[in-house]
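*Asks:* mind looking at a prediction? Sequence and model below.
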Amino acid sequence: MNIHATAIIDPRAAIHPSCNVGPYCVIGPDVEIGERCTLHSHVAIQGPTKIGKYNSLFPFSSIGLPPQDISYGGEPTCLEIGDHNVIREFVTINRGTVKGGGLTRIGNHTLIMAYAHVAHDCQIGDHVILANAATLGGHVIVEEWATVGALCPVHHFVRIGAHSFIGGGTTITRDVLPFSKTVAARDTHAYGLNATGLERRGFTKDRIRKLHHAYKVLLASKLNTTQALEKLKSEHDRGEDVEMLIRFIEASERGVIK
C-alpha cells in the first residue's frame, strides 16, 4: 500500500493494499476501500462508508460526512460507492438519514465533477454524470446514463429518468422524463428526445423512432398527460422504452416536467 506520510488513517479503516493514499488525506473508522483506488490528496472520508474498486477521488472531496439535515441525531447511517467512479475536487457526498432509509448510494462508472453535492439518501445509478456544481437535495433518484448539467439545483425527492439530459443552470422541482432533454429558457421545459445521447449509446433507429413518436404525443399534441398515456398504451408496437416512459410518469409523485 502506498500511503503518504502525512495521511491520517484510523486503525479501524479497511483499505486494500493496492490503494494509493496521497498527502493529507484523513480516513476515519468504519471506512472500507476496495482495490486500486486512488485518493490524490486532501480527501476526507468518514464512515460507515464502503467504497468499491478502481475509484479516483480528487483533492478536497468530502465523502461520507454526516447529512445536512436538522433531524439527524448522530445515527450510524451509511454511504455506498460502487466501482470505476471519478469524484472530482470539492465534491461533497453525505451519508443517509434514518427517516430516509439510512443509505446514500452511488453506482458504477459515474463522473461527479467539481463542487457537485449529493445529499443524504440519494440513489445514483450507473454511468451518471453530475457536472460542476450540480446540487442534489435529499432523497433524489438519478437513473442510469442521466446527465445533470452544471449549476443545476435539484429539489429533494425528485426523480431524474434514465438517459435524460438536463441543461446547465436548470432548476429542477419535478421529475425529469426518461430520454428527455430538459432545459430552462424562461421556464423549465422538456424540449423533446435526447436523440444524440441515445445514438451515442447504441440505440437503434427503430427504438429512437418509437420514442420520438411518444414524445410528440406527450409534448406536441393537444392531449393532456392522462389522455396522452392512454393513447400510448393503446399502441401495440410501442416497445420497451416507451413502456418504461409510461411507467415512470404513472409512478411520479411530484409530477413530471413537460
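*Replies:* Looks like it came in fine.

*Asks:* and the closest residue to residue 82 other than its chain neighbours, its phi and psi?
*Replies:* Using C-beta to C-beta, 6 or more residues apart in numbering and skipping the chain neighbours, the partner closest in space to residue 82 is residue 108 (3.9 Å). Using the backbone N, CA and C atoms, a C-beta is placed for each residue, glycine as well. For residue 108, the backbone dihedrals (degrees, to the nearest 10) come out as phi -120, psi 150.

*Asks:* tally of neighbours for residue 108?
*Replies:* 19 (other C-beta atoms under 10 Å).

*Asks:* go on, residue 18?
*Replies:* By the criterion of other C-beta under 10 Å, residue 18 has 15 neighbours.

*Asks:* hang on, isn't the residue nearest to residue 82 packed against residue 81?
*Replies:* No. Between residue 108 and residue 81 there is no contact under C-beta atoms under 8 Å: 9.1 Å.

*Asks:* overlap in contacts, those two.
*Replies:* Common neighbours of residue 108 and residue 81, using C-beta atoms under 8 Å, 6 or more residues apart in numbering, are residue 52.

*Asks:* give me phi/psi at residue 211?
*Replies:* Main-chain torsions, residue 211, degrees, to the nearest 10: phi -70, psi -40.

*Asks:* please apply the same query to residue 170.
*Replies:* Main-chain torsions, residue 170, degrees, to the nearest 10: phi -90, psi 130.

*Asks:* where along the stretch 101-250 of the chain do the helices fall?
*Replies:* Applying DSSP state H, counting those that start in this stretch to the stretch 101-250 of the chain gives helices spanning 195-200, 205-215, 225-233, 239-251.

*Asks:* what separates the residue nearest to residue 178 when sequence neighbours are not counted from residue 68, distance-wise?
*Replies:* Of all residues not flanking residue 178 in the chain, residue 161 sits nearest, at 3.1 Å (C-beta to C-beta, 6+ apart). Going from residue 161 to residue 68 by C-beta to C-beta, to the nearest Å gives 26 Å.

*Asks:* so where's the protein shaky on pLDDT?
*Replies:* 1, 185-187 (pLDDT under 70).

*Asks:* so the spatially closest residue to residue 99 that is not a sequence neighbour versus residue 80, what's the distance?
*Replies:* Once flanking residues are discounted, residue 99 sits nearest to residue 71: 6.4 Å by C-beta to C-beta, 6+ apart. According to C-beta to C-beta, residue 71 and residue 80 sit 21 Å apart.

*Asks:* settle it for me: which of those two has more neighbours?
*Replies:* Comparing residue 71 with residue 80 by other C-beta under 10 Å, the one with more neighbours is residue 80, at 19 against 10.

*Asks:* list the helices and strands the helix or strand hosting the more buried one packs on?
*Replies:* If you go by DSSP states H and E, residue 80 is part of strand 78-81. Contact here means 3 or more C-beta pairs under 8 Å, 6 or more residues apart in numbering; DSSP states H and E; on that basis strand 78-81 packs against strand 49-51, strand 62-65, strand 92-94, strand 103-106.

*Asks:* residues in contact with that strand: which ones?
*Replies:* Outside strand 78-81, the residues within contact range by C-beta under 8 Å, 6+ apart are 48-52, 55, 63-64, 87, 93-96, 102-106.

*Asks:* for ChimeraX, what selects the buried ones among those?
*Replies:* In ChimeraX, a selection of the buried entries from the contacts of strand 78-81 looks like this (16 or more other C-beta atoms under 10 Å):
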select :48,49,50,51,52,55,63,64,87,93,94,95,96,102,103,104,105,106
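
*Asks:* that older thread, which one's more surrounded, residue 161 and residue 68?
*Replies:* More crowded of residue 161 and residue 68, by other C-beta under 10 Å: residue 161, with 25 against 14.

*Asks:* for residue 79, which residues make a bridge with it?
*Replies:* Beta-bridge partners recorded for residue 79 (DSSP bridges): residue 49, residue 104.

*Asks:* next, count neighbours for it.
*Replies:* By other C-beta under 10 Å, 27 other residues sit near residue 79.
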